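Enquirer: Sequence and predicted model, in that order:
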Amino acid sequence: MATPDVHPSPSSEPDWTDQVTDLVVDLVDSVRDKTTGPVLKVARGAVYGTVALIVVILLAIVGLAFLGRAIAIIPVAEWISYASVGIVFTLLGFFLWSKRVPT
């Protein structure tokens with residue numbers, strides 16, 4: 001008499017350990033996407049924004065220096081370049097002063 005097979009073949013029933021593992025992995029991925037996803041986006045934005053701000057400030061400084069040198073080439077008078085750069089900074093200062101919040 002043949003003994004009945006106590007252990008079913010692996011293909012007849014799905015393995016519950018694989019199902020539980022897949023469920024846990026899916027849950028962890030879902031939680032990670034909902035929590036660290038937005039944080040990573042904000043961090044990237046802060047880093048790229050900081051780098052862009054530094055580049056813009058450096059380009060503005062180099063541009064003002066170039067503008068001063070370009071105006072100084074005019075043989076009329078050198079004081080025109082100093083006056084024009086002074087006017088730009090004065091107007092910028094007046095604008096920023098008007099935007100301040102009084103305490």
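Expert: Nice, I can see it. Residues are numbered from 1 along each chain as shown.

Enquirer: Relative to residue 59, how far out is residue 102?
Expert: Here the criterion is Cβ to Cβ, to the nearest Å. By it, residue 102 lies 32 Å from residue 59. Backbone N, C-alpha and C define where each C-beta goes, glycine included.

Enquirer: Compare the two (neighbour count), which wins?
Expert: residue 59 (10 against 3; other Cβ atoms under 10 Å).

Enquirer: does the more buried one sit in a helix or strand, and which one?
Expert: Per DSSP states H and E: residue 59 is located in helix 16-72.

Enquirer: where does residue 100 fall, helix, sheet strand or coil?
Expert: Counting by DSSP: H, G, I helix; E, B strand; the rest coil, the backbone at residue 100 sits in coil.

Enquirer: how near is the residue nearest the centre of the chain to residue 38?
Expert: Nearest to the mean C-alpha position of the chain, counting by Cα atoms, centre = their mean, stands residue 45 at 2.0 Å. Separation of residue 45 from residue 38 (Cβ to Cβ): 11 Å.

Enquirer: Low-confidence ranges, this protein, go.
Expert: Counting by pLDDT under 70, the chain shows low-confidence ranges at 1-14.

Enquirer: now do 80
Expert: Scanning the chain for pLDDT under 80 picks out 1-14, 64, 67-82, 84-85, 103.

Enquirer: Residue 88 reaches residue 60, doesn't it?
Expert: No: the criterion here is Cβ atoms under 8 Å, and residue 88 misses it with residue 60 at 10.5 Å.

Enquirer: Of the two, give the one with the bigger neighbour count.
Expert: Neighbour count, other Cβ under 10 Å: between residue 88 and residue 60, residue 88 has more, with 13 against 10.

Enquirer: ok, that one - contacts?
Expert: With contacts taken as Cβ atoms under 8 Å, 6 or more residues apart in numbering, residue 88 has the following neighbours: residue 64.

Enquirer: go on, residue 62?
Expert: Not one residue lies near residue 62 by Cβ under 8 Å, 6+ apart.
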